[in-house]
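mind folding the following:
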Amino acid sequence: PFVLVLMSSIYCLFSLRTFAARHAAFAQLMSTHPALTPDRYLRLSALALTDLMLSTPLAASIYHNTVASPISPWISYFDYGRIEQALHVLWAADTKSRVAIELVRWAPPMYTLVFFALFGFAEEARR
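The predicted structure is shown next:
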């Protein structure tokens, strides 16, 4: 995931830099194509920036937790169907585990709310 976030971040920064450099050409393009509106482009830019700000720390924490934890040996026959349960007190005592679990738990709803806030309240969605 970290490589994808890095590629997405680079693309986001390049597109925002290009947009700032060619603002006059963008205005002319908008005037010739009525289906393109500045609101749509700005919402897509806001989505790209939000992706940059939210996905980068999440991917970095996933990468850090993956590298920091040791790899357990594979034993194919040992407790194959067992699902372990842990008390909240046990996993919440370790700060790194708690942050990792809460990030995995709350990141998808947060991304969904951001996407809906950007595109669900748009004029074309309300029609």
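
every contact and neighbour count from this point should use C-alpha atoms.
Fine.

could I get the pLDDT score of the residue nearest to the spatial centre of the chain?
Per CA atoms, centre = their mean, the C-alpha nearest to the average position across the chain is that of S55, at 3.5 Å. We have a pLDDT of 82 for S55.

ok, it - contacts?
V5 (CA atoms under 8 Å, 6 or more residues apart in numbering).

how far off centre is the host helix or strand of it?
With elements taken from DSSP states H and E, the one containing S55 is helix 38-68. Averaging C-alpha positions (CA atoms, centre = their mean, to the nearest Å) puts helix 38-68 4 Å from its chain's average.

stretch 66-83 too?
Between the mean C-alpha point of stretch 66-83 and the mean C-alpha point of its chain there is a distance of 28 Å (CA atoms, centre = their mean).

how about stretch 9-16?
On CA atoms, centre = their mean, the centre of stretch 9-16 falls 15 Å from the chain's centre.
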